[in-house]
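>>> Okay, structure incoming, though there's no sequence with it:
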């Protein structure tokens, strides 16, 4: 296995270089781009948290947390926001969000590898009348939002960036999958799987794409959450033993393709 398609948008060049240094040929297909929300859109959440306080902060991505900090610093309210977070209960999804919380010297009360795991842990707590700051990513997550609203929480949603479909990259990836130009597709996030399958349905190539991913082209997942997402979509999946890009590159070089 030598030819890979890489779906990453963030840090794509760095990841591509890691693969190429190990002898892989990489086709860049950033099928989903990230668009940051404006400061004017995001500032009200910071102001509300600082002036009205928060009882719970729910963080789902490290990037989203960094943007929260960036907005607070731009408003000159970083120290005040940080103090509010230290006084609140904090829940995180995934190691990237946890790393930022730890770097901020904020206590982690609840954590989960996926949104589903996080909700399972949070189900033990009462949220009636509690002020909850919920940081989302990519798009609104009404399933998660309703989890808090149905429990009586006073919810404020912080959505710092949105996902947008890269049609040109999508066509490039589908063509590579169907015409045998690649041996594997590297998915760095679960949402990339959804976007690829939704787009392939839209253009009438879903059956052919799914068949190829289950027979000829190996779907590679950077982490167990993305691997689980592939399986739920009816596709096979291979993932490294740890959800880190370095581990993925090293294990992939050894040609260990046990499905997970």
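Sure, I can see it. Please read these numbers as outputs of a predicted model, since none were measured by experiment. Residues are numbered from 1 along each chain as shown.
>>> Okay, the residue lying farthest from the centre of the chain and residue 129: tell me how far apart.
If you look at how far each residue of the chain sits from its centre, by CA atoms, centre = their mean, the farthest one is residue 51, at 29.7 Å. Noted for residue 51: a distance of 18 Å to residue 129, by CB to CB, to the nearest Å. Placement of C-beta: from N, CA and C, glycine included.
>>> What of residue 187?
40 Å.
>>> if you count what's nearby, which of these two comes out ahead?
Applying other CB atoms under 10 Å to residue 187 and residue 129 shows that residue 187 carries more neighbours, namely 27 against 10.
>>> how's the protein carved up into domains?
Domain ranges of the chain: 3-31+166-253, 36-162, per automatic domain parsing.
>>> Tell me which stretches of this structure form helices.
Under the criterion DSSP state H, the chain contains helices at 12-21, 39-52, 62-74, 78-87, 94-103, 115-122, 142-149, 167-178, 190-202, 206-215, 224-232, 245-253.
>>> In JSON lines: these, plus distance to residue 6 and mean pLDDT.
Converted to JSON lines, the helices of the chain look like this (distance: least, CB to CB, whole Å; pLDDT from 0 to 100):
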{"stretch": "helix 12-21", "distance to residue 6": "6", "mean pLDDT": "87"}
{"stretch": "helix 39-52", "distance to residue 6": "30", "mean pLDDT": "96"}
{"stretch": "helix 62-74", "distance to residue 6": "18", "mean pLDDT": "96"}
{"stretch": "helix 78-87", "distance to residue 6": "35", "mean pLDDT": "97"}
{"stretch": "helix 94-103", "distance to residue 6": "19", "mean pLDDT": "93"}
{"stretch": "helix 115-122", "distance to residue 6": "25", "mean pLDDT": "93"}
{"stretch": "helix 142-149", "distance to residue 6": "29", "mean pLDDT": "95"}
{"stretch": "helix 167-178", "distance to residue 6": "10", "mean pLDDT": "97"}
{"stretch": "helix 190-202", "distance to residue 6": "10", "mean pLDDT": "94"}
{"stretch": "helix 206-215", "distance to residue 6": "15", "mean pLDDT": "96"}
{"stretch": "helix 224-232", "distance to residue 6": "13", "mean pLDDT": "89"}
{"stretch": "helix 245-253", "distance to residue 6": "10", "mean pLDDT": "74"}
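>>> For residue 158, find the nearest of the ones you listed.
Closest to residue 158 of these, according to CB to CB: helix 39-52, at 4.4 Å.
>>> for the closest one, the distance to its chain's centre please.
Distance of helix 39-52 from the chain centroid (CA atoms, centre = their mean, to the nearest Å) equals 23 Å.
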